[in-house]
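[1] Quick one, fold the following:
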Amino acid sequence: MSNALVVIPTYNEKENIERLVRNIISLQRSFNILVVDDNSPDGTGAIVKSMHNEFSNRVFLLERAGKLGLGTAYIAGFKWALERDYEYIFEMDADFSHNPNDLIRLYNACNKEGFDMSIGSRYVKGVNVVNWPMSRVLLSWLASKYVRLITGMRIYDTTAGFVCYRRHVLEKINLDKIRFVGYAFQIEMKFKAYLAKFKITEVPVVFTDRTRGESKMSGGIISEAIFGVIKMKFRSLFGSTDFNEI
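    Numbering: from 1, shown residues only. Next up, the predicted model:
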């Protein structure tokens, strides 16, 4: 059994999911895959079920009743992993914006270099984004600068969604107290790891915008990230860190 699990949330990703799963399965290092599907009407879940039949010990499906938010999907996947013996737990998008080959680099940063958490970073060495309009690149880059300013984290890509966690990081963070469900979830998880003084590193990656399927970005998600960061920092100043004892 692999000691590494890649958690991939999906909603209407039939155009990408089989190709992504096969790419991960073909890597030289063994990674298991958990797809957390929010009852996709396009049949994404059915595709994953067929792949589980083909790779019964490598590919797994966690089905949810409906579209409940990115953060809750990852938390469900993290809890599933913690109930089993995985030591390295990844989060990754389903749309090929994250290169599957970089999973090995994130794994090595934790397994060989001793970090507790490794982040696939678009901004640690310049700006490495492909196929985004300049307006969106600027918005994302400024959002990360804003989060760094408010929180004090020394992380360049605070909104990155390509991450490897050592098991004890997720055990320490009280997942039931994570408040954000959209992309601000990514910021909150990094902030909790930072407050707990885990060793965090950024691994430079190239982010390529999806070429198939539709983006899930919305105004509400952006608003949650902007205003939620201030609330999150404010709570931390009064000792509300929401950690488990391990």
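[2] check contacts around the closest residue to residue 200 other than its chain neighbours.
    Sequence neighbours aside, residue 117 is the residue nearest to residue 200 in space, at 4.7 Å (criterion: Cβ to Cβ, 6 or more residues apart in numbering). Where C-beta positions appear, they are placed from N, C-alpha and C, glycine not excepted. Residues in contact with residue 117, defined by Cβ atoms under 8 Å, 6 or more residues apart in numbering, are 110, 163, 164, 165, 166, 169, 190, 193, 198, 199, 200, 201.
[3] Contacts for the one helix or strand the first one maps to next, please.
    It stands for residue 110. Residue 110 belongs to helix 102-111 when assigned by DSSP states H and E. Identification of contacts with helix 102-111 by Cβ under 8 Å, 6+ apart yields 4, 6, 24, 27-29, 31, 88, 90, 92, 115-120, 162-164, 166, 201, 203, 205.
[4] List buried residues within those residues.
    Among the contacts of helix 102-111, those scoring as buried are 4, 6, 24, 31, 88, 90, 92, 115-120, 162-164, 166, 201, 203, 205 (criterion: 16 or more other Cβ atoms under 10 Å).
[5] Select from the residues you listed every entry located in strands.
    By the criterion of DSSP state E, membership of these in strands covers 4, 6, 88, 90, 117-120, 163-164, 166, 201, 203.
[6] Per-residue pLDDT of residue 210, please?
    Note on residue 210: pLDDT of 56.
[7] now residue 1
    76.
[8] give me the number of residues near it?
    Neighbourhood size, residue 1 [other Cβ atoms under 10 Å]: 9.
[9] That one and residue 112, how far apart?
    Relative to residue 112, residue 1 is positioned 20 Å away (Cβ to Cβ, to the nearest Å).
[10] all helices in this protein, in order from the N-terminus.
    Counting by DSSP state H, the segments of the chain that form helices are 17-25, 44-54, 70-82, 102-111, 134-151, 167-172, 184-195, 219-237.
[11] nearest to residue 244, of those?
    Of all these, helix 167-172 sits nearest to residue 244, with 5.8 Å by Cβ to Cβ.
[12] quick revisit: wait, which of the ones in strands among the buried ones among the contacts of helix 102-111 is closest to residue 146?
    residue 119 (17.2 Å).
[13] so where is this protein shaky, pLDDT-wise?
    The model of the chain has pLDDT under 70 over residues 210-226, 238-241, 243, 245-246.
[14] which residue is nearest the middle of it?
    Against the mean C-alpha coordinate of the chain, by Cα atoms, centre = their mean, the closest residue is residue 91 at 3.3 Å.
[15] what sits against it?
    With Cβ under 8 Å, 6+ apart, residue 91 has these contacts: 6, 7, 74, 77, 161, 162, 163, 165.
[16] now for the residues you listed, which pair is the farthest apart?
    Farthest apart among the contacts of residue 91 - using Cβ to Cβ - are 77 and 162, which lie 14.3 Å from each other.
[17] and residue 16, how many neighbours?
    Using other Cβ under 10 Å, residue 16 has 22 other residues around it.
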